[in-house]
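> have a look at this fold, sequence not included:
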């Protein structure tokens with residue numbers, strides 16, 4: 001038997017009472033056994049003291065080890081490897097001997113010789129007496145092999161008793177004559193199992209005797225395996241409905257065995273001949289032998305909540321709190337959480353949390369509280385009844401009341417990582433069990449903020465995000481390290497409610513959200529803010545108050561505001577071969593784009609655009625019930641979007657602009673239907689359609705700084721929207737202003753010839769659609785268009801733009817035939833001056849089609865000779881190109897279709913023209 005050390009825990013339990021030992025064993029044998037056990041205990045104490053003295057004398061002096069740490073570590077590793085190899089060798093030798101003895105035991109059973117069987121069984125059990133003790137994993141392999149043989153031995157004993165070859169009492173007494181204590185106690189457990197099966201009335205006395213006898217093995221490892229085997233035997237007997245034990249009695253014996261096993265397990269930590277890490281590792285490998293008792297109690301058939309709350313949990317809690325061992329407290333508390341039903345935990349939650357307050361520093365609270373929260377979360381999601389049971393039990397209120405004391409009881413041993421992990425588990429539980437109680441989640445976020453402010457284990461870095469110096473959220477801020485576990489936990493704390501609620505309005509009720517968000521780096525703040533917008537289930541109107549909207553922008557501030565150092569000035573010179581927008585088969589000449597200021601982000605990916613599009617979609621969340629209130633919300637949106645800088649506003653302002661134009665048109669209809677707007681009503685004037693258009697005009701002025709083309713397009717879109725409204729006292733001032741701004745952008749900001757051409761055509765097309773301009777203003781804008789058309793870079797662009805300008809002077813509200821024909825003549829000259837025959841032929845046909853359109857609409861200043869000149873020029877160019885030119889064939893085909901149209905559709909108008917002999921295309 002191995003040396004023993006005094007128990008570290010005082011045995012305060014009262015053992016169950018039973019019959020006298022004389023009823024079960026012969027008095028002489030029992031007396032001898034107890035004397036032998038007492039002698040062995042005294043011998044163990046002596047050997048333990050001698051062992052400590054020997055180990056202390058061999059311990060090296062600290063002065064000799066300070067300079068050779070590296071060599072010592074290598075030597076220790078070599079010693080461990082050598083020792084493990086020796087243990088494996090001993091284990092193989094013992095296993096070989098065990099196999100031989102097992103064969104002899106089977107042979108003795110076949111001969112039905114009881115004395116021989118007992119002798120061979122003792123030989124088999126010698127494997128568990130291996131000295132010195134080997135590694136727990138190797139010992140477990142031997143234990144499994146021996147347990148298998150003991151199972152056959154139990155069947156043999158039972159068969160002997162049933163055949164009346166020996167009585168159960170005689171067998172129980174006979175095995176006690178085995179000389180070695182480990183072998184004797186294993187045989188005693190087997191014989192006791194048979195005895196309890198025969199004499200059920202003596203079950204309680206037998207169990208009491210067995211537990212007292214198991215105390216004879218004081219070696220921690222061997223004693224744990226012995227008590228584990230006893231628990232397995234007891235579990236098999238308790239499964240029998242006629243075991244002779246009540247549930248209360250079974251609980252008492254299991255608790256007794258649990259306390260003794262826990263003491264042995266804790267003593268493994270104080271073995272002086274092993275290093276601390278090795279002792280901890282070996283303890284982890286045999287911890288299930290202790291938890292097996294708790295698991296057996298939890299699986300008793302007639303176990304009730306009252307028995308658990310009044311007997312079981314107080315006993316286990318007292319044992320956990322009194323052992324003063326971090327590993328034991330953590331493991332046993334987790335066993336309680338995982339073994340017993342959730343309903344039992346709900347009834348004893350306050351008592352359990354009180355026990356957690358008494359755990360010594362060093363216990364992993366996140367393992368205990370986190371495991372309990374995870375079980376409650378799964379339990380609540382199983383059914384609506386379970387969730388209601390959790391709510392009625394006041395689970396969260398109990399956790400909220402005890403959690404601060406539990407965390408403070410751990411002192412400095414509890415890291416920030418442990419606290420955040422515990423809070424995350426509680427948050428996930430709260431989201432499942434209390435899906436509508438947003439304030440509960442906000443309370444947990446507040447705990448996280450307090451932990452971050454009071455913890456100094458992370459660096460005090462200056463925030464990279466401090467756009468508002470007056471904000472207390474950014475003043476003297478502590479930022480977590482990049483990629484740290486604490487940072488990831490905070491991100492999960494913040495995103496878990498977003499993923500569960502899928503509602504922005506519910507998330508906005510989290511008052512501590514913004515404060516906790518400020519502890520993250522800017523990149524992670526943006527990630528969380530984007531998650532808030534991305535997890536919105538449907539973008540339907542749900543925000544109707546200015547305060548709510550401002551709170552939303554406070555939540556997503558990292559996405560909206562531009563941080564220092566985010567942008568940089570770069571030069572872009574693009575050499576691109578572009579295609580003509582009208583004739584795709586004609587390659588354009590290389591055009592150099594002028595140097596422009598372009599703001600680029602730190603990451604040149606599409607993620608930025610996706611996130612800003614989510615910000616832009618906020619306008620769809622605004623309540624549209626009242627147009628006046630909606631305009632006030634749009635004001636707030638623009639105020640916050642302006643903080644994003646040009647790079648953001650080019651994405652976020654266009655949707656707002658379209659929303660403003662829709663609102664202005666709606667407001668105009670309301671004003672028209674409800675009577676004229678009173679001049680002295682300043683409040684109504686501020687929300688009038690005209691004022692909304694002016695507000696949109698101001699919005700586009702800021703957008704032009706970041707995206708010229710988009711801003712110009714929106715100016716033209718605004719002009720079309722204003723054209724639909726007939727303002728009595730405004731004439732065309734507002735409409736003219738939209739066009740004027742568009743022309744200013746065209747003249748000052750657009751330098752690319754391709755963009756100039758496409759943009760000018762868009763201006764001309766928009767100008768052709770408006771009809772509320774004063775004649776003088778309309779003439780001014782049209783003349784400006786003709787001037788810009790004549791200044792385009794290429795002849796082809798000039799020709800096409802002048803053909804479009806000709807349409808401006810022949811409209812229902814302006815019919816100036818001379819100016820119309822003047823534009824067509826200039827276009828004809830531009831087409832004739834093109835050096836490329838292919839381009840010239842196609843442009844001449846374009847001029848012909850434009851002239852035909854205006855002529856058919858009544859512009860009689862376009863005389864027939866003009867048509868003849870165009871057609872003849874086309875014929876001459878196509879003849880010069882020959883039949884091998886594909887473009888020449890295309891131009892001839894287009895001309896042929898135009899002449900066929902004249903002959904078949906408009907023959908009367910073109911009668912004089914068709915009589916010309918030279919108009920037939922070859």
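The structure has been received and is ready for your questions. Quantities reported herein were computed from a predicted structural model and do not represent experimental measurements.
> now residue 793, nearest residue through space, not along the chain?
Leaving out its chain neighbours, the residue that sits closest to residue 793 by C-beta to C-beta, 6 or more residues apart in numbering is residue 753, at 4.0 Å. Placement of C-beta: from N, CA and C, glycine included.
> and residue 658, by the same measure?
residue 717 (7.5 Å).
> burial check on that neighbour, number of neighbours?
By the measure other C-beta atoms under 10 Å, the count of residues near residue 717 is 18.
> isn't it right next to residue 661, touching?
Yes - assessed by C-beta atoms under 8 Å, residue 717 is found in contact with residue 661 at 6.7 Å.
> next, the contact list for the residue most central in space within the chain, please.
Computing the C-alpha centroid of the chain and ranking residues by C-alpha atoms, centre = their mean puts residue 492 first, at 5.7 Å. Counting by C-beta atoms under 8 Å, 6 or more residues apart in numbering, residue 492 touches residue 424.
> before we move on, what about residue 902?
Neighbours of residue 902 in contact, by C-beta under 8 Å, 6+ apart: 852, 909-910, 913-914.
> repeat that for 7 Å
Taking C-beta atoms under 7 Å, 6 or more residues apart in numbering, we find residue 902 in contact with 910, 913-914.
> try residue 220
Neighbouring residues of residue 220 by C-beta under 7 Å, 6+ apart: 264-265, 267-268.
> please repeat the previous calculation with a cut-off of 6 Å.
With contacts defined as C-beta atoms under 6 Å, 6 or more residues apart in numbering, residue 220 is in contact with 264, 267-268.
> which of these ranks first by neighbour count?
residue 264 (26 neighbours).
> that one: what's it in contact with?
Applying C-beta under 6 Å, 6+ apart to residue 264 gives the contacts 220, 223-224.
> in what helix or strand does it lie?
Assigning secondary structure by DSSP states H and E places residue 264 in helix 247-267.
> average pLDDT for that helix?
Taken as a whole, helix 247-267 has an average pLDDT of 94.
> cool, stretch 705-722 as well?
The average pLDDT for stretch 705-722 rounds to 92.
> I'd like the mean pLDDT over the helix or strand residue 152 falls within, please.
For residue 152, the host element (DSSP H and E) is helix 136-162. Average pLDDT, helix 136-162: 93.
> can you map out the helices along the stretch 251-400 of the chain?
In the stretch 251-400 of the chain, helices defined by DSSP state H, counting those that start in this stretch lie at 276-285, 288-298, 305-307, 313-323, 326-339, 342-347, 349-357, 365-382, 384-392, 395-409, listed in chain order.
> can I get these in TSV including mean neighbour count and mean pLDDT?
As requested, the helices of the stretch 251-400 of the chain are arranged in TSV below (neighbours: other C-beta atoms under 10 Å; pLDDT from 0 to 100):
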stretch	mean neighbour count	mean pLDDT
helix 276-285	14	89
helix 288-298	21	95
helix 305-307	13	95
helix 313-323	19	95
helix 326-339	21	95
helix 342-347	18	95
helix 349-357	19	96
helix 365-382	20	95
helix 384-392	14	93
helix 395-409	17	94
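> select, out of those, the one closest to residue 211.
Closest of these to residue 211 is helix 288-298, at 11.6 Å (criterion: C-beta to C-beta).
> okay, angle between that closest one and helix 326-339 too, please.
Orientation check (axes from the mean of the first three to the mean of the last three C-alpha atoms, to 10 degrees): helix 288-298 against helix 326-339 gives 30 degrees.
> quick one: list the elements packing against helix 288-298.
Counting contacts by 3 or more C-beta pairs under 6 Å, 6 or more residues apart in numbering; DSSP states H and E, helix 288-298 is packed against helix 220-238, helix 247-267, helix 326-339.
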